[in-house]
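K.L.:
Give me coordinates for this.
(one chain, ligands or ions: 2)
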Amino acid sequence: AHTPVAHGDSEALATLHRVFGYDSFRGEQEAVIEHVVAGGDAVVLMPTGGGKSLCYQIPSLVRPGTGIVVSPLIALMQDQVDALRALGVRAGFMNSTQDFDERRVVEAEFLAGELDLLYLAPERLRLDSTLDLLSRGKIALFAIDEAHCVSQWGHDFRPDYLALSLLGERWPDVPRVALTATATRATHEELTQRLHMPTARHFVASFDRPNIQYRIVPKADPKKQLLAFLREEHAGDAGIVYCLSRKSVEATADFLTRNGIEAVPYHAGLDAGTRAAHQSRFLREEGLVVVATIAFGMGIDKPDVRFVAHLDLPKSVEGYYQETGRAGRDGLPSTAWMAYGLNDVIQQRKLIQSSEGDEAFRRRAAAHLDAMLALCESARCRRGQLLAYFGQDPDAADCGNCDTCLTPPETWDGTVAAQKVLSTVVRLQRERGQKFGAVQIVDILMGKRTAKVIQFDHDQLSVFGIGEDLTEGEWRGVVRQLLAQGLLAVEGDYGTLVLTEASGSVLRREREVPLRKEPKKAVTSRSASSA
Ligand code: ADP
Ligand code: ZN
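P.N.:
Ligands and ions are numbered 1, 2, ... in the order given. Predicted structure coming up:
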């Protein structure tokens, strides 16, 4: 904002060279910047690491006035502003971490026209005092970062974002840029509508991250599997391990440390100081592993994250894509690795059932989970599936850089196996009025006389021992896939298995049940390259 606008885009290019030291724009950046500099509204969908920041930073520098950046990432504002200041950009922020005096300084700078960029948390924008301040200064543009947070359909809804629709009414002449890395059609439409940006131009970058290798392995002993994966493929590399619960975050970080891998925990239960310290170590040090709940990583700009590992199933494909997207922002080969098993399906289904949300919320959560399960159980190229989910056509039918491409899984006709599982559930329910979980069902099928089998006389059932042809792992795989396909459901807090409406068609032999064969051995890059 300190340089007068001469000719729109050449001014932008000059700013890219002079301020940021880059040679050229990437992908859609130039088109977005040109459009916004000229005063247009824009919706920008770009994957993590795609370079969204320049799409509003450069127009803020080129247009007269201050660029107001709305971001939910309070913890990162200080870092972002420091990084910009180091480049000579006059940047400031206002959030709850500041005291009164610090805020007064920023306010004065803004009013004096001495700021190119001002970062604000969305809850601050709702305050009359903030709106009043903004109307007394000159605004170059509004940038709404992480704009998917306005969408209730999405996975990261923040009520404060709803108030952002007023920006367009209050400042009709100030261009707005909404940016996000989440791009399903539903989120996209909801975002445009909720932010009242019907005339915005849409810029959609490719969501493919060709340098990330996607792999989903069957979960057996997840901590040990993780350790083997790290030792074999990512010794000394920085990476993020995601777990669902704080407890497993702590246990996993501990386990890795005891086994010679430097790892620190990160979750909302740690105090702010510890969290900040672990985050800054991760950004600064070279080979640190952060074990975290999903609270970690949003907006983290560390280019050389070599792997993202999931020990628990993400709740949605959007979440999975965002989390895995934190790997390999420098474009070098990286791995997205996940261990996934029967208990993940049961646990997530239970979580949805016991959630406080209304019926509509539950239906949405179930739809999100189903899409995630379909990705896990797919025998097709994972990348192709991911891109298709985001409404994009993959460049090739097979990417050659995911586990299903490297070692195509075999499928088999699981109709009879499915019937055996389902009839066991039926027998228990109809003949005994009982409901049991997966462990008991598999024990019955395999003819195991465990204490619990004896206790309930389950060795007297006609289905006892009819499943000796498959291993325990294979049976768990069958149950898991039946759950994933909606042919079996979870009920109650104990994870008991019950039939669904669709189960009948299998029991009546009206349909076949193709299943994915459980791989004997997990794929590694090593076994893949020798294949
Ligand atoms: P996003 O917000 O989309 O995740 P960022 O804006 O943080 O991505 O950019 C990701 C990385 O790419 C940053 O390190 C940034 O400096 C770099 N980058 C962005 N645009 C360019 C460019 N035109 N040339 C070189 N590097 C770029
Ligand atoms: Zn593939």
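
K.L.:
Phi and psi next, for the most centrally placed residue in the chain.
P.N.:
The structure's the chain has its C-alpha centroid closest to Gly319; by Cα atoms, centre = their mean the separation is 2.1 Å. Main-chain dihedrals, Gly319, degrees, to the nearest 10: phi -60, psi -40.

K.L.:
In this structure it contacts Ile294, no?
P.N.:
Yes: here Gly319 lies in contact with Ile294, judged by Cβ atoms under 8 Å, at a distance of 6.8 Å. Quick note: C-beta positions are derived from backbone N, CA and C, even for glycine.

K.L.:
now the nearest residue to Lys138 once chain neighbours are set aside: how far from ligand 2?
P.N.:
Take Lys138 and drop its neighbours on the chain: the residue closest to it by Cβ to Cβ, 6 or more residues apart in numbering is Gly65, 3.6 Å away. Spatial separation of Gly65 from ligand 2 under the definition Cβ to the ion, to the nearest Å is 47 Å.

K.L.:
List the contacts of Gly65.
P.N.:
By Cβ atoms under 8 Å, 6 or more residues apart in numbering, Gly65 lies in contact with 1, 113, 137-140.

K.L.:
Any chance of a markdown table for those, columns distance to ligand 1 and pLDDT?
P.N.:
Output for the contacts of Gly65, formatted as a markdown table (distance: Cβ to the nearest ligand atom, whole Å; pLDDT from 0 to 100):
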| residue | distance to ligand 1 | pLDDT |
| --- | --- | --- |
| Ala1 | 19 | 60 |
| Gly113 | 25 | 96 |
| Gly137 | 25 | 97 |
| Lys138 | 25 | 97 |
| Ile139 | 21 | 98 |
| Ala140 | 18 | 98 |
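
K.L.:
Keep only those of those that are in strands.
P.N.:
When DSSP state E defines the strands, the subset of those inside them is 139-140.

K.L.:
and the host helix or strand of Val490, how far out from the chain's middle?
P.N.:
Taking DSSP states H and E as the definition, one finds Val490 inside strand 488-491. In terms of Cα atoms, centre = their mean, to the nearest Å, the centre of strand 488-491 is set 26 Å apart from its chain centre.

K.L.:
Output the contacting helices and strands for that strand.
P.N.:
Judged by 3 or more Cβ pairs under 8 Å, 6 or more residues apart in numbering; DSSP states H and E, the packing partners of strand 488-491 are helix 342-353, helix 415-432, helix 472-484, strand 496-499.

K.L.:
Can I get it in PDB, CA atoms only?
P.N.:
Extracted C-alpha coordinates of strand 488-491, given in PDB (Å, rounded to 0.1, in the frame of the first residue of the first chain):
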ATOM      1  CA  LEU A 488     -23.900 -54.400   9.300                       C
ATOM      2  CA  ALA A 489     -24.300 -51.600  11.900                       C
ATOM      3  CA  VAL A 490     -23.000 -50.800  15.400                       C
ATOM      4  CA  GLU A 491     -25.400 -50.200  18.300                       C
END
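
K.L.:
Show residues contacting it.
P.N.:
Taking Cβ under 8 Å, 6+ apart as the criterion, the residues outside strand 488-491 that touch it are 345-346, 349-350, 353, 421-422, 425, 435, 479, 482-483, 496-500, 503.

K.L.:
can we see that at 6 Å?
P.N.:
Among residues not part of strand 488-491, those counted as contacts by Cβ atoms under 6 Å, 6 or more residues apart in numbering are 346, 349-350, 482, 497-498, 500.

K.L.:
List the buried residues in that strand.
P.N.:
The neighbour-count check on strand 488-491 (16 or more other Cβ atoms under 10 Å) flags 488-490 as buried.

K.L.:
Also stretch 44-64?
P.N.:
Taking 16+ other Cβ under 10 Å as the neighbour-count basis, stretch 44-64 is seen to contain the buried residues 44-63.

K.L.:
and that stretch with ligand 1, contact?
P.N.:
Yes: applying Cβ under 6 Å from any ligand atom, one finds that stretch 44-64 is in contact with ligand 1 at 46, 48-54.

K.L.:
Of these, which pair is most distant in space?
P.N.:
Of all pairs drawn from those, the one with the largest separation by Cβ to Cβ is Thr48 and Leu54; the distance is 14.4 Å.
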